[in-house]
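# Build me a model from this:
(chains A, B, C and D)
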2 protein chains.
Amino acid sequence: MSSEVQVLELEKFLPYRLSVLAQLVSESLHDLYAGPYGLSVTQWRVMAALGRFAPLTASDVGQRIVMDKVAVSRAVAGLMRRGLVERSADLDDRRRASLHLTPKGRAMHADIVPMALKFEAELYQALSAEERQTLNGLCERLFAHAKLLRNRP
Amino acid sequence: MSSEVQVLELEKFLPYRLSVLAQLVSESLHDLYAGPYGLSVTQWRVMAALGRFAPLTASDVGQRIVMDKVAVSRAVAGLMRRGLVERSADLDDRRRASLHLTPKGRAMHADIVPMALKFEAELYQALSAEERQTLNGLCERLFAHAKLLRNRP
DNA sequence: CTGAATTAGTTTCAAATGTAACTATTATGT
DNA sequence: ACATAATAGTTACATTTGAAACTAATTCAG
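So this is what the prediction gives:
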């Protein structure tokens, strides 16, 4: 008969730790490009996706960067207003439109990428090369498993 | 003269991966207690802090769970409205008030903790006992390092 | 073909969040 | 002691975000 009271130590609780770590890292990076370039996190991610894989439709973008279509739509609207992204109609399926960076957008992207990589490199200084691989592997497995749990709990 | 174009692979980029993983995990957990108990993530975290360390002042809570004072204030307001948290004035310093769970709040806390721990255990199934330790250690070091970077970049 | 169901994407409205200003109280310097 | 600064916490306002409704175009079933 086990009537033990379970204790939750929030500071050691995995979901909490991941969330706090991710938030700190994401905010620190955001500080780097928000000031000079005035991008939100979602806008930057959309640009990163387009910088690498354009042309993409809005849904493609959403799939790549795990972002729902409303968020993508708003980010794209902002980026188009600033002339960083262009849309060209898809003649085969007129619901779709493929997106790509403008020259101005490409230039901004090319400015930010090295900053982002430098930031990542600085972060990684906390870990050895081997540990970096380990961390990435563990995160990947955890992510895959969490997705499974999500879909049939 | 190195004019190489740097490429950012978002899906392998550490800040991005951490963020997506943390979000998935946090949402999955939230799904478990949001429905039955109608708590937001911040409200749940405040309850978790109080369940373990009460009495705490609002600032104490904020420090423990890395949440700014406005967020704490709002979460506490919601929890008090529902009779889950009580406030008692501090006579030494009348700016402060110490917070603690009511019996009703304690009961809810006692319901949720096992759910949360079970969820964590399910998550951890993706990893061996050794890997869990490794992951926690790596996250901790990364977190400490990221905090350093933040303060003098 | 035609009408129901899907899909892409946008808009709308409400709730959540961040920033700054504000109140009340306590601490500090001279 | 008294003005000034600092601290605890709340409120107000603007911005962001999320969920659901909506428009437009396409697919599919019969």
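
# In three-state terms, label the residue in chain A that DNA strand C sits nearest to for me.
In chain A, the residue that lies nearest DNA strand C is A:Ser73 (2.9 Å; Cβ to the nearest atom of the strand). The C-beta positions use only the backbone N, C-alpha and C, and glycine is treated the same way. Following DSSP: H, G, I helix; E, B strand; the rest coil, A:Ser73 is assigned to helix.

# And for it, nearest residue in space, chain neighbours not counted?
A:Ala58 (6.3 Å; Cβ to Cβ, 6 or more residues apart in numbering or on different chains).

# Same question for A:Leu14.
In space, A:Leu14 is closest to B:Glu120, 5.3 Å off (Cβ to Cβ, 6+ apart).

# Same check on A:Ser40?
A:Ala75 (7.1 Å).

# how close does that neighbour sit to chain B?
Look at A:Ala75 and chain B: by Cβ to the nearest Cβ, to the nearest Å, they are 14 Å apart.

# Show me which residues of whatever helix or strand A:Leu138 lives in are buried.
Using DSSP states H and E, A:Leu138 sits in helix A:129-151. Within helix A:129-151, the residues that count as buried by 16 or more other Cβ atoms under 10 Å in any protein chain shown are A:131-132, A:134-135, A:138-139, A:142-143, A:145-146, A:149.

# got the angle between it and helix B:129-151?
110 degrees (axes from the mean of the first three to the mean of the last three Cα atoms, to 10 degrees).

# Only the C-alpha atoms, please, for helix A:129-151, written as PDB.
Below are the C-alpha coordinates for helix A:129-151, written out as PDB (Å, rounded to 0.1, in the frame of the first residue of the first chain):
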ATOM      1  CA  ALA A 129      32.700  18.300 -30.100                       C
ATOM      2  CA  GLU A 130      31.700  14.900 -28.900                       C
ATOM      3  CA  GLU A 131      29.100  16.400 -26.500                       C
ATOM      4  CA  ARG A 132      27.600  18.500 -29.200                       C
ATOM      5  CA  GLN A 133      26.900  15.400 -31.300                       C
ATOM      6  CA  THR A 134      25.500  13.600 -28.200                       C
ATOM      7  CA  LEU A 135      23.300  16.500 -27.400                       C
ATOM      8  CA  ASN A 136      22.000  16.700 -30.900                       C
ATOM      9  CA  GLY A 137      21.300  13.000 -31.000                       C
ATOM     10  CA  LEU A 138      19.500  13.000 -27.700                       C
ATOM     11  CA  CYS A 139      17.400  16.000 -28.700                       C
ATOM     12  CA  GLU A 140      16.400  14.400 -31.900                       C
ATOM     13  CA  ARG A 141      15.300  11.100 -30.300                       C
ATOM     14  CA  LEU A 142      13.400  13.000 -27.600                       C
ATOM     15  CA  PHE A 143      11.700  15.000 -30.300                       C
ATOM     16  CA  ALA A 144      10.700  12.000 -32.300                       C
ATOM     17  CA  HIS A 145       9.400  10.300 -29.200                       C
ATOM     18  CA  ALA A 146       7.500  13.300 -28.000                       C
ATOM     19  CA  LYS A 147       5.800  13.500 -31.400                       C
ATOM     20  CA  LEU A 148       4.700   9.900 -31.000                       C
ATOM     21  CA  LEU A 149       3.300  10.500 -27.500                       C
ATOM     22  CA  ARG A 150       1.400  13.500 -28.900                       C
ATOM     23  CA  ASN A 151      -0.400  11.500 -31.500                       C
END
